[in-house]
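**Student:** Give the three-dimensional model of this entry:
(chains A and B)
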Amino acid sequence: DGGITQSPKYLFRKEGQNVTLSCEQNLNHDAMYWYRQDPGQGLRLIYYSQIVNDFQKGDIAEGYSVSREKKESFPLTVTSAQKNPTAFYLCASRLGTEAFFGQGTRLTVV
Amino acid sequence: QQPVQSPQAVILREGEDAVINCSSSKALYSVHWYRQKHGEAPVFLMILLKGGEQKGHEKISASFNEKKQQSSLYLTASQLSYSGTYFCGTERPNTGNQFYFGTGTSLTVIP
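**Tutor:** Numbers count the residues shown, from 1 in each chain, chains lettered A, B, ... in the order given. As a prediction, this is how the structure comes out:
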């Protein structure tokens, strides 16, 4: 079945550590996105990529980094510079009108 | 800037109707509606592209006003399965594929 896979589902990180969230899709979509979801704030765009080896900052890119070396993969690194990283992170891909989402990764800083 | 959704949260009894609004200070290129059940991925409901457009999907329909600055999602005769958080989404003009969402509306249907 085609879809988007995010891993892990739950992730705990110590303060000061970088952590990478995985996002893989087999839908052959060019565009991929990372969103952060906090209660009462909806989905906020972190980074997006329209094509391999290209990506653009979204509204809240500070403290995050991404790469797009393969069409299928768009990993997100949450760096120690992100002051409030505890959140639910959603990856999506899009071809045409509809966006498809992964099941999300819940990151908690301990 | 994110489109603003209202209300932020609503509780309904089964069979009641609800309206969720999505408003922007600038004209939107398009409006997409998604529903996210608790702990799950958002799922696409429908898209509206033209000012004045109305579209229906079973008992859930949506409209896009003529100025393309507001869209409303209508849920009629609500069912327990309608519970979740609803998001409107849109493309940011002249950014290629930048796709962003509104602030979200939590809808809870109770027996």
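
**Student:** For the closest residue to A:Thr97 other than its chain neighbours, list each beta-bridge partner.
**Tutor:** Distance criterion Cβ to Cβ, 6 or more residues apart in numbering or on different chains; nearest residue to A:Thr97, sequence neighbours excluded, is B:Ile47 at 4.9 Å. From N, CA and C alone the C-beta is placed, and that goes for glycine too. Per DSSP bridges, the residues bridged to B:Ile47 are B:His32.

**Student:** which sections of chain A are below the confidence cut-off?
**Tutor:** For chain A, the stretches with pLDDT under 70 are A:1, A:40.

**Student:** all strands for it, in order.
**Tutor:** Per DSSP state E, chain A carries strands over the ranges A:4-7, A:10-13, A:19-25, A:31-38, A:42-51, A:54-57, A:64-66, A:76-78, A:87-95, A:98-101, A:105-109.

**Student:** just chain B next, same as before
**Tutor:** Using DSSP E, the strands of chain B run over B:4-6, B:9-13, B:18-23, B:31-36, B:43-48, B:54-57, B:60-64, B:70-75, B:84-91, B:99-101, B:105-110.

**Student:** lowest average confidence, helix or strand, in chain B?
**Tutor:** One helix or strand of chain B scores below all others by mean pLDDT, DSSP states H and E: strand B:54-57, with a mean of 83.

**Student:** If you count neighbours, what's buried in that one?
**Tutor:** Buried positions in strand B:54-57, judged by neighbour count with 16 or more other Cβ atoms under 10 Å in any protein chain shown: B:Lys55.
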